[in-house]
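# Fold the following for me, if possible:
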Amino acid sequence: MLQPLLEAGLRQTMNRLVRPILSPAVPIRVQRALIRQAYRSSIPPRGCRFSHGTLAGVPVVRTSCGKQQDGVILYLHGGGFIIGSADTHRGIAGHLAKASKCLVVTPDYRLAPEHPFPAALDDAEATYLQLLAEGYDPGQIALAGDSAGGGLCVSLAMRLRDNQQPLPSSLTLFSPWTDLTQEQLYQPESEPVLQPAWTAKAAKHYAGDEALKNPLISPVFGDLKGLPPLLIQVGSDEILLNDAERLAQAAKRDQVSVDLEIYNSLWHVFQVHSGQLRRATEAVRTAGDHIRAHLTD
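The predicted structure is shown next:
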């Protein structure tokens, strides 16, 4: 009985407090400040440890939970490439660290519009290659991310493959943004988080002078052959549902192992409510299982 009430309450909170922030009418500096406050409701598990540092000159937050660390997850945060940070995503990073028994490294990649494409991708690549340089076997590294960060994970994997760099063991994507053209946005009856006008403006800020169909910007248009196994989780009540479904179809087309999980009546990156909402906690647990299953000894 309590869980349905909690779910309804969280939906209203997202709709009334978060969705208005994500508006093209709100200055980006204000969006960044307000979203930092909104993410305070995403609470990491007890016992998590956080440390700030750098990788390849990129600021990062390292998150661990518990004693056992079987591998490392490079986690790329969401925020439409214009807001969000490693600190805003401490909650989801902590729950993923607990579920996977891995160290989670979240880079503060450069944001648009100050730093348009390919700045975020360059920073993601630099941090991944630095993990290799520090002695991590690629089979002990997983990529994970939400929203824009989920799409960025796929773009990074494609760039690594094309540059003949070692690939990570798996990809885990929460509500990935994979088509910045927005030509096939889903239209749910109720979308508690995202406004299409906001994502459209964010896409233009990020792409800059590049075409939105560039596969490294909109990876659903890319060749996925040879990529590691994918887990995609998405809510049924979000405009990015088609992005997730089309990415899964592209993966199957290119003979990439993929699991697509659609969570009925849930919203964009609902996993931030892990530890509160049972279905969010279970989703992150499934993500942890996926990551552990593909780590190599």
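# tell me the contacts of the closest residue to A200 other than its chain neighbours?
In space, and not counting its chain neighbours, A200 is closest to Q182: 5.7 Å by C-beta to C-beta, 6 or more residues apart in numbering. From N, CA and C alone the C-beta is placed, and that goes for glycine too. Neighbouring residues of Q182 by C-beta atoms under 8 Å, 6 or more residues apart in numbering: P196, T199, A200, A203.
# same check, this time on R285
R285 touches A99, counting by C-beta under 8 Å, 6+ apart.
# In a markdown table, list the contacts of Q182 along with neighbour count, pLDDT and distance to L277.
Output for these, formatted as a markdown table (neighbours: other C-beta atoms under 10 Å; pLDDT from 0 to 100; distance: C-beta to C-beta, whole Å):
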| residue | neighbour count | pLDDT | distance to L277 |
| --- | --- | --- | --- |
| P196 | 12 | 97 | 25 |
| T199 | 21 | 98 | 24 |
| A200 | 17 | 98 | 29 |
| A203 | 22 | 98 | 29 |
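# Tell me which stretches of the stretch 151-297 of the chain form helices.
With DSSP state H, counting those that start in this stretch as the criterion, the stretch 151-297 of the chain has helices at 196-207, 241-253, 278-294.
# With respect to D146, which of those lies nearest?
Among those, the nearest to D146 by C-beta to C-beta is helix 278-294 (10.6 Å).
# Mean confidence (pLDDT) on that closest one, please.
Across helix 278-294, the average pLDDT comes to 97.
# So which bits of that helix are buried?
279-281, 283-288, 290-292, 294 (16 or more other C-beta atoms under 10 Å).
# Of all the helices of the stretch 151-297 of the chain, which one is nearest L224?
Nearest to L224, of the helices of the stretch 151-297 of the chain and by C-beta to C-beta, is helix 241-253 at 5.3 Å.
# Please name every helix or strand in contact with the closest one.
strand 230-235, strand 258-263 (3 or more C-beta pairs under 8 Å, 6 or more residues apart in numbering; DSSP states H and E).
# 10 Å - rerun?
helix 148-162, strand 171-174, strand 230-235, strand 258-263 (3 or more C-beta pairs under 10 Å, 6 or more residues apart in numbering; DSSP states H and E).
# That one vs strand 258-263, what angle?
160 degrees (axes from the mean of the first three to the mean of the last three C-alpha atoms, to 10 degrees).
# can you state the direction angle for helix 241-253 and strand 230-235?
Interaxial angle, helix 241-253 versus strand 230-235 (the same axes, to 10 degrees): 160 degrees.
# Next, the angle helix 148-162 makes with helix 241-253.
20 degrees.
# now helix 241-253: how far from the chain's centre is it?
16 Å (C-alpha atoms, centre = their mean, to the nearest Å).
# ditto for stretch 274-294
That offset, for stretch 274-294, works out to 14 Å (C-alpha atoms, centre = their mean).
# returning to that earlier point: now, which of the buried residues of helix 278-294 sits nearest A112?
Distance ranking of the buried residues of helix 278-294 against A112, using C-beta to C-beta, places A287 first at 27.0 Å.
# my guess is that closest one meets L173, correct?
Yes. Applying C-beta atoms under 10 Å, one finds A287 in contact with L173, separated by 9.3 Å.
# Find the residues that touch each one of those two.
A144, L231, Q233 (C-beta atoms under 10 Å, 6 or more residues apart in numbering).
# unless I'm mixing things up, the first one is touching S169, no?
No. At 11.1 Å, A144 and S169 do not qualify as touching, with contact defined as C-beta under 10 Å.
# Enumerate every residue touching P219.
P219 neighbours (C-beta under 10 Å, 6+ apart): 150-158, 176-180, 227, 243, 247, 250.
# can you rerun that using 7 Å?
The contact partners of P219, taken as C-beta atoms under 7 Å, 6 or more residues apart in numbering, are G151, V154, S155, M158, T178.
# and those as a markdown table, adding distance to I83?
Below are the contacts of P219 laid out as a markdown table (distance: C-beta to C-beta, whole Å):
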| residue | distance to I83 |
| --- | --- |
| G151 | 15 |
| V154 | 20 |
| S155 | 19 |
| M158 | 25 |
| T178 | 19 |
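# ok so, going back, between A144 and S169, which is the more surrounded one?
More crowded of A144 and S169, by other C-beta atoms under 10 Å: A144, with 29 against 21.
# Which residue, other than its chain neighbours, is closest to the more buried one?
Using C-beta to C-beta, 6+ apart, the closest residue to A144 is T172 (4.0 Å).
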